[in-house]
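J.: what follows is a predicted protein model with its sequence.
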Amino acid sequence: MTLRVGVIGAGMIGQEHTRRLTTVVTGAEVVAITDLTADRAERIAAETGARAYASGAEVIAGPDVDAVLVTSWGPTHAEYVLAAIAAGKPVFCEKPLATAAADCLRILEAEIAHGGRLVQIGFMRRYDAGYRRLKELVDADGIGTPLMVHCAHRNPTVPVSYTSEMAMLDTAIHEVDVLRWLLGEEIVSAQVLTPRPTGRRFEHLQDPQIMLFATSGGVRIDVEVFVNCQYGYDIRCEIVGETGAARLPDPARPAVRHDGRESTAIVSDWRDRFGDAFDTEIQAWVDAAAAGTATGPTAWDGYAATAVGDATVEALKTQEIVAVDLEARPAFYPGAQQ
Ligand code: NAD
Ligand code: ISE
């Protein structure tokens, strides 16, 4: 069976995933596309051999649409995910699942009422080969019980529309998810330190930020978010355990010896850094959706990340340590993160 996909939001990542569904993964075709900017939807639809629709609701209702991929702006995600569940269609939702925890909870309720998984969240780091090796090592007790995690999430620059809250909600949300998965524990509190701001930022932005998290088991995590670092896209993670430490490998790039120096290229953006992970993630989604279900990061994971995000934004505003307000996990969502 070829999974017929409807895409809502044909911006940067919507176009990336459309290309991926069309030319990289197997078993899928894009049959419907919509975007607030109608011209954009029409252009991408024409390039893809899909039909352009006027709204996300029409895409979800499309009789030839088997599954839905949501890549519009974050605040619109909840509405489309809920509509897809109501239509009984598997849905891949880019992060965040929703911008308000209350909307995430409505999605959990709807999926539970449906009686089986339909929702997969776009936390692609779980499909990255380096993070997978780290998880295998931690699960096999290769460094003993984890005690501390040191992370950095650096982007070269961000546009003027990027706000201080987005350092958590748009950027560090990836660390929150991947560390919950790596450690198999929930994050229970957040604090934000605000170092001297870089001169190479838009004036309104607090950049860099250092986020400090504690997990239910007492692991302490520090995440440096620095989104105007200038030099490249740099993702770091080191887990320190009772008997050893393990560091996320950098993407394999040749070490070039030239003109009396040795150098290795640093990747420039998330597409370059996580391209392989996105391919694996979308293939996994297509395979599960073709069977009428979903795999990987769950709606619960989306909810937990949004709840940690809310606490972190409050911590940034108040400069206090803020407890994460998380409901009890429904039995529908298995205990250990997959
Ligand atoms: P973007 O602004 O380039 O694209 C978003 C598109 O959605 C725009 O074309 C906009 O017109 C359209 N849109 C907005 N509301 C809509 C609606 N109601 N109906 C139809 N179209 C609508 O943004 P982007 O960078 O592609 O980000 C999109 C989403 O993907 C965000 O949630 C973002 O956080 C996420 N994202 C994830 C990653 C990742 O690493 N996993 C990377 C980039 C973006
Ligand atoms: C972007 O939306 C992403 O998800 C990238 O992975 C992240 O590095 C970047 O900071 C975000 O803006």
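T.: Received the coordinates, thanks. Ligands and ions are numbered 1, 2, ... in the order given.
J.: what residues of stretch 284-295 count as buried?
T.: 284-290, 294-295 (16 or more other C-beta atoms under 10 Å). Where you see a C-beta, it was placed from the backbone N, CA and C, and this is true even at glycine.
J.: name the residues that touch that stretch?
T.: For stretch 284-295, contacts defined as C-beta atoms under 8 Å, 6 or more residues apart in numbering pick out 1, 3, 5, 21, 25-28, 66-67, 90-92, 116-120, 127, 296, 338.
J.: the helix or strand hosting residue 282 close to ligand 1?
T.: Assigned by DSSP states H and E, residue 282 belongs to helix 270-290. Yes. Counting by C-beta under 6 Å from any ligand atom, contacts between helix 270-290 and ligand 1 involve residue 270.
J.: same thing with stretch 150-163?
T.: No. Stretch 150-163 lies out of reach of ligand 1 by C-beta under 6 Å from any ligand atom, never closer than 9.1 Å.
J.: name the nearest residue to whichever residue of the stretch 201-338 of the chain sits closest to ligand 1, ignoring sequence neighbours.
T.: Ligand 1 sits closest to residue 270 of the stretch 201-338 of the chain, with a gap of 4.6 Å, by C-beta to the nearest ligand atom. The shortest distance from residue 270 to any non-neighbouring residue, by C-beta to C-beta, 6 or more residues apart in numbering, is to residue 233 (6.4 Å).
J.: that neighbour reaches residue 158, doesn't it?
T.: No. Contact between residue 233 and residue 158 fails when scored by C-beta atoms under 8 Å: they sit 11.6 Å apart.
J.: who in the protein is up against ligand 1?
T.: Within reach of ligand 1 by C-beta under 6 Å from any ligand atom, the chain has these residues: 8-14, 34-37, 40, 56, 71-74, 76, 94-95, 122, 124, 170, 270.
J.: buried ones in the helix or strand hosting residue 148, by neighbour count?
T.: Per DSSP H and E, residue 148 falls inside strand 146-154. Using 16+ other C-beta under 10 Å as the test for burial, strand 146-154 gives 146, 149-154.
J.: also stretch 2-11?
T.: 3-10.
J.: of the residues you listed, closest to ligand 1?
T.: Distances from ligand 1 to those, taken by C-beta to the nearest ligand atom, are shortest for residue 9, at 3.3 Å.
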